[in-house]
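Peer 1: Next input, structure requested:
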Amino acid sequence: MLKLNLQTFATAVQGYNATSGVNSLTAEQHDFFQDEMLERLLPELTWTKFGEKNKNIPKQKGATTSFRRLNSLAVSTTEITEGVTPDGVNLDIVKITTVVKEYGSWTKISEFINMTGYDPLLTETSGLMGENAGESIDIIVRDMLAAGTNVFYANSKVSRSALLPADKITALDILRVRRTMKRNKVKTIRLPNGGDGYVALVHPDVAMDIMQLQEWKDQNTYVNTKNREEGFLGKMYGIYFMEVDNGVKYASGAAGAPAANDAYGTIFLGRGAYGIPDIEGSMKPDIIVHPAGSAGSADPMNQFNTVAWKCAFAVVRLQELAIIRYESGATI
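Peer 2: Residues are numbered from 1 along each chain as shown. Okay, here's the model as predicted:
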């Protein structure tokens, strides 16, 4: 990370660019703020980890891109007659189109506070913007993944509104989800740690219930403690569980949840479940810092600095069979 002396930085920010007629940041200052932002951004991006990112759009080629999913062919069990060419089969291709959109946020900082305050407020705010960008991007992806219709309910319940705290996640239900993935021929995900498996993204309240299962203890405490490495909560039945702070939670009385208690969604993923295209890396948020005075007549007394982030990407569901939402209650 670039380290910029604060006194040098303060002097540079107040510098006047005679060519443009406004205050401006140097490339070094931009990199400094970008690093501060990314330091708090990177840990927040959990829901984006398992999306397909191979459909980036070149610049100046529009904002629309498409994925093509080839569905499995029917199994051929009829023997070939010698000298006779059998009928061919048609490819079943599904085209999925999506549009990249921009997201971002900004805030204003008084130049007087920045000048008199004890803390390097612009630097701290840049880091805060990184955290905000990470959380915002993650929630956009999370909400898209949680919006499907491929859903299981705990304890054989038939709707979200019927779930009670006692309807907790069970080893048998985890096996049922795994069975459904296998029956639908959903491929496993190749993970950064070298392993292969399905992935489940879990709210902390549900994670607490999972870790109390005897089957969980058997596989992650007594058999293989390495299952907890690489940021995963653990592994059971070939499924890697990852605890996420912003897991899917339906607050009581909202989004169809019971009036008296919360409901939770655990998202199970297989390979090729969703895609996250952008425009030549535009998903990586850019930090935008405008010093006091750069707004011209909009800031006639040079009173305000602004700090912002902006990015552009899309998230699209590619294979419904590879995304299962398991809804349950959790221990209060």
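
Peer 1: At which residues are the helices of the stretch 201-332 of the chain located?
Peer 2: Taking DSSP state H, counting those that start in this stretch to define them, one finds helices in the stretch 201-332 of the chain at 204-210, 214-217.

Peer 1: right, so of these, which gets closest to residue 331?
Peer 2: helix 204-210 (5.5 Å; C-beta to C-beta). No exception for glycine: its C-beta is placed from N, CA and C like everyone else's.

Peer 1: In the closest one, which residues are buried?
Peer 2: By neighbour count on 16 or more other C-beta atoms under 10 Å, the buried set for helix 204-210 is 205, 206, 207, 209, 210.

Peer 1: can you tell me how far the third one sits from residue 158?
Peer 2: So that's residue 207. 25 Å (C-beta to C-beta, to the nearest Å).

Peer 1: Equivalent analysis for residue 308, please.
Peer 2: For residue 308, the distance to residue 158 - C-beta to C-beta - is 46 Å.

Peer 1: Between the two, which has more neighbouring residues?
Peer 2: residue 308 (19 against 7; other C-beta atoms under 10 Å).

Peer 1: Quick check: which element contains the residue lying closest to the more buried one once chain neighbours are set aside?
Peer 2: Among residues not flanking residue 308 along the chain, residue 106 sits closest, at 3.3 Å (C-beta to C-beta, 6 or more residues apart in numbering). Taking DSSP states H and E as the definition, residue 106 sits inside strand 101-110.

Peer 1: That strand pairs with which strands?
Peer 2: Applying DSSP bridges, strand 101-110 is found paired with strand 304-313 (antiparallel).

Peer 1: List the buried residues in the partner strand.
Peer 2: 304, 305, 306, 307, 308, 309, 311, 312, 313.

Peer 1: ok, and the helix or strand in the chain with the lowest average confidence?
Peer 2: helix 6-13 (a mean of 33; mean pLDDT, DSSP states H and E).

Peer 1: How much space separates the residue nearest to the spatial centre of the chain from residue 128?
Peer 2: The centroid of the chain falls nearest to residue 47 when counting by C-alpha atoms, centre = their mean (2.6 Å). With distances taken as C-beta to C-beta, residue 47 is found 20 Å from residue 128.

Peer 1: Now tabulate the helices of the stretch 201-332 of the chain in a markdown table and tack on distance to residue 321.
Peer 2: As requested, these are exported to a markdown table (distance: least, C-beta to C-beta, whole Å):
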| stretch | distance to residue 321 |
| --- | --- |
| helix 204-210 | 23 |
| helix 214-217 | 25 |
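
Peer 1: closest one to residue 320 among the ones you listed?
Peer 2: Nearest of the helices of the stretch 201-332 of the chain (C-beta to C-beta): helix 204-210, 22.3 Å.

Peer 1: on contacts alone, who are the packing partners of the longest helix seen in the chain?
Peer 2: Longest helix of the chain, by residue count under DSSP state H: helix 121-145. For helix 121-145, the packing partners by 3 or more C-beta pairs under 8 Å, 6 or more residues apart in numbering; DSSP states H and E come out as helix 27-41, strand 101-110, helix 111-116, strand 263-269, strand 274-275, strand 286-290, strand 304-313, strand 316-317.
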